[in-house]
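Below are the sequence and a predicted model; questions follow.
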Amino acid sequence: MLEAKDLRKQYPDKLALQGLNLQIEAGEVFCLLGQNGAGKSTTINLFLGFVQPTSGAAYINGLEVAKNPLEIKRHLAYIPENVMLYPHLTGLENLGLFSQLAGFAYAESELRDYLEQAGLPPEAVQRRVGTYSKGMRQKVGIAIAVAKHAKVLLLDEPTSGLDPKASNEFSELLGKLSGQGTAVFMATHDLFRAREVGTRVGIMREGELVDVRPTSFLNANELEQLYLHYTH
């Protein structure tokens, strides 16, 4: 569902990504770890088509991102650290609007069902998003991804700033989505969540993917030691 082939990004003052090769399958949760500036966000931006690669290519569902910028958006959803919604609209109205932009027309009952699946409390559905917590905005983001039938979900530091309960709920939602065949690519600093929800973890240092491991062979302490080995 996601593939990088010799993906490279050179800025005038920095090599942000060097020769990334990676494949992420349907139903897999791949967690990318690394310090600030390691190249995690650059990788996500290349998959989203926000920046153009210097060389190599990124693919979503077999489509080269740089050559199919509009088509790939039909296959993916993006949840940044702070989900951008319209604060003056309700959760229901935001979901309806973003669904329409993606080409879907849902009845109000269907929109409510998507929000319920994403764990948004029923009493919040008709409240303005400007009153929501970060965790509630994340749930609207998940509902949007489900409503547009996204095959790929890209996440950039999604649990940053969430309290433990909200972070745990978010992890459960990712587990449900991957169980339905969604490919999840998550850049994060959260080693605990990466170990808990990821099927594989990768560690990036100075624009290079230096290690990839299945989480089933790592306990929390081993992952921490591996991370410290590459980042110190």
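Received the coordinates, thanks. Numbers count the residues shown, from 1 in each chain.

Give me the neighbour count for the closest residue to Gln18 other than its chain neighbours.
Nearest residue to Gln18 in three dimensions, chain neighbours excluded: Gly207, at 4.7 Å (Cβ to Cβ, 6 or more residues apart in numbering). Just so you know, the C-beta spots here come from the backbone N, C-alpha and C atoms, and that holds for glycine as well. By other Cβ atoms under 10 Å, 22 other residues sit near Gly207.

residue contacts, Gly207?
9, 15-18, 38-39, 42 (Cβ atoms under 8 Å, 6 or more residues apart in numbering).

now it: how far from Ile144?
Per Cβ to Cβ, to the nearest Å, Gly207 is found 31 Å from Ile144.

Contacts for the longest helix along the chain, please.
Determined from DSSP state H, the single longest helix within the chain is helix 164-179. Helix 164-179 is contacted from outside by 27-29, 117-119, 133-135, 138-139, 142, 145-146, 153, 158-159, 162, 184, 186, 190, 193, 196-197, 199, using Cβ under 8 Å, 6+ apart.

In the helix or strand of the chain with the lowest mean pLDDT, which residues are buried?
Of the helices and strands making up the chain, the lowest-confidence element is helix 164-179, at a mean of 88, by mean pLDDT, DSSP states H and E. For helix 164-179, a neighbour-count test (16 or more other Cβ atoms under 10 Å) marks 166-167, 169-171, 173-174, 177-178 as buried.

ranges for the strands of this structure?
In the chain, the strands defined using DSSP state E lie at 2-11, 14-24, 29-33, 55-60, 63-64, 76-79, 152-156, 183-187, 200-205, 208-214.

Does anything pack onto the first one? Which helices or strands?
Counting by 3 or more Cβ pairs under 8 Å, 6 or more residues apart in numbering; DSSP states H and E, the packing neighbours recorded for strand 2-11 are strand 14-24, helix 40-48, strand 55-60.

quick check, nearest of the contacts of Gly207 to Gln225?
Ala38 (17.9 Å; Cβ to Cβ).
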